[in-house]
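Colleague: Just a sequence and a predicted model for now, questions to come.
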Amino acid sequence: MSLEYTSAEMMTVTAARALENGMTCFVGIGLPSEAANLARLTHAPEVVLIYESGTLQTKPDVLPLSIGDGELCESALTTVSVPEMFRYWLQGGHISVGFLGTAQIDRYANLNTTLIGDYHDPKVRLPGGGGAPEIATNAHEVFITLKHSKRTFVKDVDFVTTLGFGRDGKGRDGVPNIGKGPTRVITDLCVMKPDPETKELVVVSLHPGVSREDVIEATGWEIRFADQLESTPEPSAHELEVLRELKDRTDRKHAGEV
Amino acid sequence: MQRSTLGLVNIVSTTKRRTIMAEFLSLHDAVARYVEDGATVAMEGFTHLIPFAAGHEVIRQKKRDLTLIRMTPDLVYDQLIGAGCVKKLIFSWGGNPGVGSLHRLRDAVEKGWPHKIEILEHSHAAMACAFEAGAAGLPLAVLRGYVGSELPNVNDQIKFIECPFTGERLAAVPSIRPDVSVVHAQKADRKGNVLVEGIIGVQKEAVMAAKRSIVTVEEIVDDLNTHPNACVIPGWAISAVVVAEKGSAPSYAHGYYDRDNRFYKEWDAIARDRDAFTKWLEENVYNAGGQS
């Protein structure tokens, strides 16, 4: 059966499928939040979602516009202070997956959300690190999702806000009490994983209808492809239906209609 | 000056004075008394309960050279920066949540309008720990943080220390001790004891870390009606309590009103343009009298 869906939907569904029941996920706002809630509403109803605003085990009916929307608090098991969130729950080792977005990512999955250009004379000032620097090192592993383009996928990020594997791929070597780091990057074109040895991102799966050339064209370095390159499974009708309903509900709520 | 009463010994520090209860002041008087030019000010709120009314009063009173601290500076800090109140910003995430950039912050950092501001940036974990350390009266906070991040290269307040017991390398940042913290809460009782509910952020830590504090509330009630573990800040730990109805709009107050997401989106266009911003400020802050 062939379904109509957008590349953005493909990305969200693929990102959602990375989460499983039994995981405790520290969720970034935006695309990660969309994917994490889709997972919860489809195949992973028991996934525990945690947002840095202190909302623990939250089950929002609509996607939050901000990390601290009331919806997150009202649907949470409990809400703790922000210091408790970062110290006990994240640093204390209770988070299996940190799910992050970013403005820029490089071949070693380092993330830049600080600025484009020189730090003291920025071309574009971005919001900054937020929770990401410690989520990426204290969570057991990290999933990253963002749209694929030459602007976002660069050989070297302008600034390492958040550690992937460092500028040489060795940034986690010998560091005690640190998570595995990024284990997959999900875009609207493909899925990437770090090479087990060098830690450079390698395409492991292409989304349906996407060619190697499409990925090469949208990546700012000479991207490598796995020997056993897979084809990402298409979204199911059920996943698309749940995702579209979720987004409709969200749009109506944020437009002030409900 | 506040005085110690009933012969209570000030065990916290020489800069803190304990009173029987917070003083009830008007918003104008609280800001005039406690927010001085050049002060270090934390107006906290993690998306929720952001003290907009107090921030606007600071703008109206044309306070200058402030060092502003906040984990998540959003619209009200954008407004303070655009209005020229700010010399330095200490923060960990400066954006319009779910919408995009803070254009007044960017204009100040990128183009120096209305003047150049200094920025010092951290991660959320570090700032949360630094507020907590400030509340605990410690000089520094220690965390397993900043590993592999380049933030320590551009912020000389981030250092690394060795754990004396395990030898682990850990990050250290100075604790946050604002001259004055300003937070908004749902309600206070007639003694100035304050109840904060919902997403409580670092509000309690901010109040306890500061030399002086202003808490604006939606209403004064006879009885806070809380359960035993509620987040209550005793009136004697607060300098001034101010009634500011809708004092955190367009953010929200859990149980009182919702976040005006539409305004957050509209702000993007207003803040992009210096003239549009100046006009907005004129109409909605300078000429809005008391609250806005």
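Modeller: That came through, no problem. Numbering: from 1, shown residues only, chains lettered A, B, ... in the order given.
Colleague: so where do the helices sit in the stretch 151-292 of chain B?
Modeller: Taking DSSP state H, counting those that start in this stretch, the helices of the stretch 151-292 of chain B run over residues B:151-154, B:203-209, B:261-272, B:274-281.
Colleague: Quick check, the residue in the stretch 1-150 of chain B closest to chain A?
Modeller: Residue of the stretch 1-150 of chain B nearest chain A, by Cβ to the nearest Cβ: B:Thr47 (2.6 Å). From N, CA and C alone the C-beta is placed, and that goes for glycine too.
Colleague: How many residues are close by that residue?
Modeller: 27 (other Cβ atoms under 10 Å in any protein chain shown).
Colleague: ditto for B:Arg259
Modeller: 25.
Colleague: What distance do you get for the nearest residue to it once chain neighbours are set aside to B:Val58?
Modeller: For B:Arg259, ignoring the flanking residues on the chain, the nearest one in space by Cβ to Cβ, 6 or more residues apart in numbering or on different chains is B:Tyr252 at 3.9 Å. B:Tyr252 sits 21 Å away from B:Val58 when distances are taken as Cβ to Cβ, to the nearest Å.
Colleague: Give me the more crowded residue out of these two.
Modeller: Each of B:Tyr252 and B:Val58 has its neighbours counted (other Cβ under 10 Å); B:Val58 has more, 27 against 24.
Colleague: Go ahead and confirm the more buried one touches B:Leu80.
Modeller: Yes. With contact defined as Cβ atoms under 8 Å, B:Val58 reaches B:Leu80; the gap is 6.5 Å.
Colleague: residues touching the residue nearest to B:Arg259, list them.
Modeller: A:Gly70, B:His48, B:Leu49, B:Asp258, B:Arg259, B:Asp260 (Cβ atoms under 8 Å, 6 or more residues apart in numbering or on different chains).
Colleague: before we move on, what about B:Gly198?
Modeller: So B:Gly198 contacts A:Gly70, A:Cys73, A:Thr79, B:His48, B:Leu49, B:Ala253, B:His254, B:Gly255 (Cβ under 8 Å, 6+ apart).
Colleague: residue boundaries of the helices in the stretch 51-200 of chain A?
Modeller: A:70-74, A:82-84, A:132-138.
Colleague: Tell me which of those lies nearest to B:Ala237.
Modeller: Comparison of the helices of the stretch 51-200 of chain A against B:Ala237 by Cβ to Cβ identifies helix A:82-84 as nearest, at 17.3 Å.
Colleague: Buried ones in that closest one, by neighbour count?
Modeller: Neighbour-count burial for helix A:82-84 flags A:Val82, A:Pro83, A:Glu84 (criterion: 16 or more other Cβ atoms under 10 Å in any protein chain shown).
Colleague: of these, list those near chain B.
Modeller: Contacts with chain B are made by A:Val82, A:Pro83 out of the buried residues of helix A:82-84, judged by Cβ under 8 Å from any Cβ of the partner chain.
Colleague: Can I get the buried residues of helix A:82-84 in TSV including pLDDT?
Modeller: What follows is the buried residues of helix A:82-84, written out as TSV (pLDDT from 0 to 100):
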residue	pLDDT
A:Val82	98
A:Pro83	98
A:Glu84	98
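Colleague: For the stretch 151-292 of chain B, just list every one of the strands.
Modeller: B:159-162, B:169-174, B:180-189, B:194-196, B:212-221, B:231-233, B:240-243 (DSSP state E, counting those that start in this stretch).
Colleague: Likewise for the stretch 1-150 of chain A?
Modeller: A:24-27, A:48-50, A:55-58, A:76-79, A:97-100, A:104-105, A:111-112, A:115-118, A:121-125, A:141-145.
Colleague: any idea which of those is most buried?
Modeller: The highest mean neighbour count among the strands of the stretch 1-150 of chain A, using mean count of other Cβ atoms under 10 Å in any protein chain shown, belongs to strand A:97-100: a mean of 28.
Colleague: Up against chain A, what does the stretch 151-292 of chain B have?
Modeller: B:151, B:154, B:168, B:198-202, B:204-205, B:231, B:252, B:254, B:258-259, B:261-262, B:264.
Colleague: Return the distance of the residue positioned nearest the centre of chain B relative to A:Arg40.
Modeller: With distances taken as Cα atoms, centre = their mean, B:Met43 lies nearest the centre of chain B, 1.5 Å away. Separation of B:Met43 from A:Arg40 (Cβ to Cβ): 34 Å.
Colleague: How are the helices of the stretch 1-150 of chain B distributed by residue range?
Modeller: Secondary structure of the stretch 1-150 of chain B (DSSP H, counting those that start in this stretch): helices at B:27-34, B:52-60, B:75-82, B:103-111, B:124-135.
Colleague: Columns mean pLDDT and distance to A:Arg249 on top of the ones you listed, output as JSON lines?
Modeller: As requested, the helices of the stretch 1-150 of chain B are exported to JSON lines (pLDDT from 0 to 100; distance: least, Cβ to Cβ, whole Å):
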{"stretch": "helix B:27-34", "mean pLDDT": "98", "distance to A:Arg249": "38"}
{"stretch": "helix B:52-60", "mean pLDDT": "98", "distance to A:Arg249": "28"}
{"stretch": "helix B:75-82", "mean pLDDT": "98", "distance to A:Arg249": "25"}
{"stretch": "helix B:103-111", "mean pLDDT": "93", "distance to A:Arg249": "30"}
{"stretch": "helix B:124-135", "mean pLDDT": "98", "distance to A:Arg249": "28"}
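Colleague: Can you say which of the ones you listed is nearest to B:Glu162?
Modeller: Using Cβ to Cβ, the helices of the stretch 1-150 of chain B put helix B:124-135 closest to B:Glu162, at 17.6 Å.
Colleague: what's the offset of that closest one from the middle of its chain?
Modeller: 13 Å (Cα atoms, centre = their mean, to the nearest Å).
Colleague: Over to stretch A:171-186?
Modeller: Worked out by Cα atoms, centre = their mean, stretch A:171-186 lies 15 Å from the chain centre.
Colleague: count of residues packed around the nearest residue to A:Asn177 once chain neighbours are set aside?
Modeller: Spatial nearest neighbour of A:Asn177, excluding adjacent residues (Cβ to Cβ, 6+ apart): B:Arg144 at 6.2 Å. Close neighbours of B:Arg144, defined as other Cβ under 10 Å, add up to 23.
Colleague: All good on my end, thank you.
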